[in-house]
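> Using only what follows, build the 3D model:
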Amino acid sequence: MAEKTTKRPARPSARPPLVPNVEGVVLLSGGNPQIAKGDGDGPVQAYIAAMPEWKRDVGRRLDALIERAVPGVRKAVRWNTPFYGVEDMGWFLGYHCFAKYIKVTFLYGKQLDPMPPVDSKDPDARYYHIYQDGIVDEAQLEDWVRQAARIPGWKGF
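Here you go, the predicted model:
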């Protein structure tokens, strides 16, 4: 006798489906752009161009500040995050969009003086959050970038 199988009905999804924005880029949770993994300036510029609203201008300013502080900086996108590094030294910084702020991650931020203000579960990392109406201390941020670029960085990819 053949066994009768019944198919379970599909569960309704708690989340709406991901839909590309007008630029054709899917924005993930918090508005973080979903950008394909890639090396060089191109993928980073695609990420910045897809950043929503006020975050796009901040992304442009961050990229320019990092390039000014670290001439010849290496760039890549991994895990929908732009990363910056120094050849043969590793990656020192990344940033990521959240709903209300941009999180700048100094991968070895606990070695910076003074340390960036936000702690991490990672024993080495520290964060700097940039809010829409917040004041950004660009001189301090540039100093942290210069310091971070001199520290042997993350070579995880």
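> in what helix or strand does residue 147 lie?
Counting by DSSP states H and E, the element that carries residue 147 is helix 138-150.
> and that helix, which residues are buried?
141, 144, 145, 147, 148, 149 (16 or more other C-beta atoms under 10 Å). In this view, the C-beta of every residue, glycine as well, is placed from N, C-alpha and C.
> Tell me the spacing between the fourth one and residue 74.
Applying C-beta to C-beta, to the nearest Å, one obtains 17 Å for the distance of residue 147 from residue 74.
> and if you look at the first one?
Residue 141 is 19 Å from residue 74, where distance means C-beta to C-beta.
> what's the helix holding residue 147 packed up against?
With contacts taken as 3 or more C-beta pairs under 8 Å, 6 or more residues apart in numbering; DSSP states H and E, helix 138-150 sits against helix 54-69, strand 90-97, strand 101-106.
> Just checking: what are the partner strands of the last one?
Based on DSSP bridges, the strands next to strand 101-106 in the sheet, each with its direction, are strand 90-97 (antiparallel), strand 126-131 (antiparallel).
> start to end distance for stretch 80-98?
One end of stretch 80-98 to the other measures 12 Å (C-alpha to C-alpha, to the nearest Å).
> my bad, should have said stretch 112-122
End-to-end span of stretch 112-122 (C-alpha to C-alpha): 15 Å.
> cool, and stretch 30-50?
13 Å.
> what mean pLDDT would you report for it?
Confidence over stretch 30-50 (mean pLDDT, whole number) is 95.
> Kindly report the same for stretch 94-113.
For stretch 94-113, the per-residue pLDDT averages 97.
> how near is the spatially closest residue to residue 144 that is not a sequence neighbour to residue 45?
Excluding its sequence neighbours, the residue lying closest to residue 144 (C-beta to C-beta, 6 or more residues apart in numbering) is residue 112, at 5.3 Å. Using C-beta to C-beta, residue 112 is found at 27 Å from residue 45.
> again, but for residue 61
14 Å.
> Next: residue 84.
13 Å.
> So between the two, which is more surrounded?
Between residue 84 and residue 45, counted using other C-beta atoms under 10 Å, the more crowded position is residue 84 (25 against 17).
> Specify the local secondary structure of that one.
Per DSSP: H, G, I helix; E, B strand; the rest coil, the secondary structure class of residue 84 is strand.
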